[in-house]
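Q: Here is my input, please return the structure:
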Amino acid sequence: MSSSAKKAFALRLDPEVHAAVERLAARELRSANAQIEMLLREAMAARGIKLGTGKPPRRGRPPKTGE
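A: Numbering: from 1, shown residues only. As a prediction, the model looks like this:
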C-alpha cells in the first residue's frame, strides 16, 4: 500500500499516551504512526473485526542490482 493510499487525519492524544506509544515504537523499531496503526489493528482483531491484510511493508536493505 503506498503512503498516498492511506487516509491522513489529525489525532489528539494525551501526552502520556503519546510518550508511551513513542517508547514502544522505539523498542519495536517502528515509527509512532506505524505503532498506532499496529495497535489499532490488534485491538480490532481482538474484537473480531476483520481487515484486509494489504501488502506487507518492505523491510531491510533493497536487493543488490547488477554488479
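
Q: Contact partners for Gly52?
A: Taking CB atoms under 8 Å, 6 or more residues apart in numbering, we find Gly52 in contact with no residue. For every residue, glycine as well, the C-beta is placed using N, CA and C.

Q: Return the backbone torsion pair for Glu22.
A: phi -60, psi -40 (degrees, to the nearest 10).

Q: Okay, it and Glu28: tell me how far apart.
A: Remark: distance between Glu22 and Glu28 (CB to CB, to the nearest Å) = 11 Å.

Q: what sits in contact with each of these two?
A: Shared contacts of Glu22 and Glu28, defined by CB under 8 Å, 6+ apart, are found at Gln35.

Q: So which residues of the chain form helices?
A: Applying DSSP state H to the chain gives helices spanning 15-27, 32-46.

Q: Let's have those helices in TSV, adding mean neighbour count, mean pLDDT and distance to Ala5.
A: TSV is the format used below for these (neighbours: other CB atoms under 10 Å; pLDDT from 0 to 100; distance: least, CB to CB, whole Å):
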stretch	mean neighbour count	mean pLDDT	distance to Ala5
helix 15-27	12	97	22
helix 32-46	13	94	13
